[in-house]
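Novice: this is a predicted model, with the sequence first.
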Amino acid sequence: MMKDWQEWYKQRTISAEKAASMVKSGDRIGFTVGRESHTIGLAIAARLGELQNVNVYVPTPGYDFGWYDPGWEDSFKITCSFPLGINEQMVKEKRCDIAFGSLFPFDLQYFKEGLDILLTEISTPDEKGFCSFGASLWNKKRQVQEARLVIAEVNDKLIRTYGENYIHVSEIDYFVEHLSQMGQVMGSGSLLGKKEKKEPDKSMKQIARYVGSIIKDGDCLQIGVGRYTEPLIQLGIIDGRKDIGYQSEATVPGIIRRVREGVITGKYKTVKPGKVVITSVGGDTREEMQWVNMNPLFELVDVDYLEDIRIISAIDNMVTINQTLSIDLFGQSSAESLGPELYSGAGGQVPFQIGALLSKGGRAITVVPSTASGGTISRIKPLLPEGTNVTIHKNLSDRVVTEYGIAELRGRSQRQKAEALINVAHPKFRDEIRAAAKKLFGL
């Protein structure tokens with residue numbers, strides 16, 4: 001570790017325009033997961049027309065730099081991992097490429113092939129020259145250490161945490177001051193981006209009651225991000241429970257409050273007991289984010305550790321809660337697409353599902369409202385539409401929860417799975433689903 005890090009930091013601090021000038025036509029550049037380097041991104045986007053054929057990887061788009069609109073393709077060719085509010089139309093119109101990892105969602109060939117420039121966001125350095133990645137770690141530390149050239153945007157609003165959430169200035173090539181007034185975005189643990197959030201309806205409240213009936217004192221929870229899962233804590237799924245553990249990608253709304261109240265203690269966790277283990281933090285309020293700041297109860301770890309099936313399965317009574325868009329009578333479900341049209345990515349759902357099934361006392365819960373499009377479409381289908389991306393294989397399905405009950409699928413025959421799913425479908429669709437099931441399985 002260099003002794004005179006202050007001199008390195010001073011000499012390597014440059015303007016956003018200078019940083020943007022390092023990008024050459026034909027380069028491959030990439031942002032790390034989570035919040036993009038906003039000031040640098042704007043400076044690069046300002047070179048529209050001047051640059052040609054720059055490949056830009058933006059895993060989780062949150063800011064509108066302009067390049068998601070038609071007409072930017074000659075200068076910037078975009079690859080992303082998740083369709084979010086900002087780039088939803090671009091994905092729908094097939095004007096960008098999509099990069100999904102393997103069981104680890106950000107284990108991507110895009111990075112293995114090497115980037116010319118990696119862009120990330122860090123806090124100001126402490127007295128020893130260490131910076132934090134703020135409320136969102138993912139795999140940033142490892143990417144910075146492996147990258148050819150790293151430019152970091154320095155944001156003095158970012159929190160610091162325990163765990164692996166730090167990097168020394170000597171491992172970064174250039175620094176740019178963060179000039180945006182946006183600061184630390186509340187709720188940045190979510191990957192929902194700027195998709196419209198809806199108030200939980202009656203069906204969601206009923207789903208929460210069924211999910212809550214599955215959870216026991218001392219369980220360790222994982223809750224995926226999404227419209228149907230993020231409200232569940234606030235809808236009371238662990239009300240009245242004791243010594244709950246938490247090991248998940250993000251702190252969904254209500255988690256930090258339950259830690260403060262002593263409901264989530266991690267007392268019986270068999271991996272990192274007493275710790276909330278996550279890779280990103282999303283607080284409901286600025287006060288909550290500050291409460292997490294340098295709080296030893298919270299550890300931010302690399303996403304590949306967090307989503308290692310071997311680690312997940314070593315946690316006794318691991319209960320995973322994730323959402324899906326649709327499920328068929330075989331028990332295969334998709335959280336990503338309906339037909340070939342992509343709506344989201346798998347995220348960490350697959351490794352957590354497998355890890356829960358391998359956990360001693362583990363349970364894997366999939367939540368899905370029974371209908372979509374104002375009640376006109378059943379989400380429980382005889383067969384998934386042709387071209388649908390299957391997220392959870394039929395052999396991995398466990399408990400499926402709708403507002404009409406819990407379908408227990410693990411270890412069941414085809415006919416038993418079909419019967420269980422029909423029983424939790426919306427009543428007005430049950431007859432037609434049963435008729436299809438009769439043709440498929442002789443039900």
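Specialist: Everything's here; your move.
Novice: tell me where the stretch 151-300 of the chain has strands.
Specialist: Using DSSP state E, counting those that start in this stretch, the strands of the stretch 151-300 of the chain run over 162-163, 167-168, 174-177, 220-223, 245-246, 276-278, 298-300.
Novice: contact partners of the second one?
Specialist: So that's strand 167-168. 1, 5, 122, 129-131, 133, 140-141, 144-145 (C-beta atoms under 8 Å, 6 or more residues apart in numbering). From N, CA and C alone the C-beta is placed, and that goes for glycine too.
Novice: run the chain-centre distance for it.
Specialist: 24 Å (C-alpha atoms, centre = their mean, to the nearest Å).
Novice: what bridges to the closest residue to residue 247 other than its chain neighbours?
Specialist: Closest residue in space to residue 247, ignoring its immediate chain neighbours: residue 277 at 4.4 Å, by C-beta to C-beta, 6 or more residues apart in numbering. Beta bridges link residue 277 to residue 247, residue 299 when assigned by DSSP bridges.
Novice: who are the contact partners of residue 277?
Specialist: Counted by C-beta under 8 Å, 6+ apart, residue 277 has contacts 163, 246-248, 271, 299, 301, 306.
Novice: switch to 7 Å and redo it
Specialist: Counting by C-beta atoms under 7 Å, 6 or more residues apart in numbering, residue 277 makes contact with 247, 299, 301, 306.
Novice: which of the strands of the stretch 151-300 of the chain is buried the deepest?
Specialist: strand 220-223 (a mean of 28; mean count of other C-beta atoms under 10 Å).
Novice: touching it from outside, list them.
Specialist: If you take C-beta under 7 Å, 6+ apart as the criterion, strand 220-223 is touched by 229, 232, 244-248, 252, 269, 315, 317-321, 352.
Novice: out of those residues, who's nearest residue 291?
Specialist: Lowest distance from residue 291 to those (C-beta to C-beta) belongs to residue 246, with 15.0 Å.
Novice: my read is that the closest one contacts residue 264, right?
Specialist: Yes - counting by C-beta atoms under 7 Å, residue 246 touches residue 264, with 5.3 Å between them.
Novice: hey, what's in contact with both of these two?
Specialist: 255, 276.
Novice: the residue nearest to residue 314 when sequence neighbours are not counted and residue 313, how far apart?
Specialist: Spatial nearest neighbour of residue 314, chain neighbours left out: residue 271 (5.3 Å); criterion: C-beta to C-beta, 6+ apart. Plainly put, residue 271 is 10 Å away from residue 313 if you go by C-beta to C-beta, to the nearest Å.
Novice: I'd like to know which of the strands of the stretch 151-300 of the chain lies nearest to residue 382.
Specialist: strand 220-223 (29.4 Å).
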